[in-house]
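J.: Generate a structure from the sequence data that follows.
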Amino acid sequence: MLAGDYIAIVAVIVSIISIVVSIFIYNNQKRYIKTQHELNKLLLEKEKKEVETSEEAFISANVVKLGSGKNRIRIFNKGKGRANNVNITYPEDHNWSITNRILPLEFLDSGQSVEIILSMFMGSQSKIRAILTWNDKAGEKTNEVILTYL
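T.: Next comes the predicted model:
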């Protein structure tokens, strides 16, 4: 064999190696692009959910003691959006004395709260179930809470 034959054999080997490496790189790029599209889709869904929840309200309530004989039910908005037509109902009979002249509220903004006067008597239950209802941009919502007086 002549030197030209050796050079031709080396050239064929180098071209086969370059073809194999190109195929390997192409497949890796294809997987990378597919993963990138999936990640972009997940990120877009996450951003949409954040936009939706940024306009939602979440109303909750608890009992607050301000001193001896001074108790309140505090209704507050923990969500990021405005709650409209906020109301509280008690599905079971209870023997708590609750001053409820301000409800239903026309609106309750994010971070705002309102207090209702609560009077307790001897023999009163320590817990009652309350259902909070409100409307926000996502529609009508409810939250059931257990109000506990200790």
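J.: For the rest of this, base every contact and every neighbour count on C-alpha atoms.
T.: Fine.
J.: Can you name the element that comes right after the worst-scoring helix or strand of the chain on mean pLDDT?
T.: Using mean pLDDT, DSSP states H and E, the weakest-scoring helix or strand in the chain turns out to be strand 97-98, at a mean of 80. As assigned by DSSP states H and E, the chain's next helix or strand after strand 97-98 is strand 105-108.
J.: Mind listing what's buried along that following strand?
T.: Buried residues in strand 105-108, counted by 16 or more other Cα atoms under 10 Å: residue 108.
J.: So what are the sheet partners of the helix or strand following that strand and their directions?
T.: Sequence-wise, the next helix or strand downstream of strand 105-108 (DSSP H and E) is strand 113-119. Here strand 113-119 has these sheet partners by DSSP bridges: strand 70-77 (antiparallel), strand 97-98 (antiparallel).
J.: List the buried residues of strand 113-119.
T.: The neighbour-count check on strand 113-119 (16+ other Cα under 10 Å) flags 115-118 as buried.
J.: Save those as CSV, and put in distance to residue 4 too.
T.: Formatted as CSV, the buried residues of strand 113-119 follow (distance: Cα to Cα, whole Å):
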residue, distance to residue 4
115, 96
116, 99
117, 102
118, 103
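J.: Out of those, which one has the lowest pLDDT?
T.: pLDDT across the buried residues of strand 113-119 is lowest for residue 118, at 84.
J.: what sits against it?
T.: With contacts defined as Cα atoms under 8 Å, 6 or more residues apart in numbering, the neighbours of residue 118 are 70-73, 96-99.
J.: if we can go back for a sec, mean pLDDT lowest for which of the strands paired with strand 113-119?
T.: Looking at those, the bottom one is strand 97-98 with a mean of 80.
J.: who touches that one?
T.: Strand 97-98 has contacts (Cα under 8 Å, 6+ apart) with 116-120.
J.: Ok, stretch 54-64 next?
T.: Stretch 54-64 is contacted from outside by 71-83, 110, 132-134, 136-138, 143, 145-149, using Cα under 8 Å, 6+ apart.
J.: and the contacts of residue 118, which are buried?
T.: For these, a burial check counting by 16+ other Cα under 10 Å picks out 71-73, 96.
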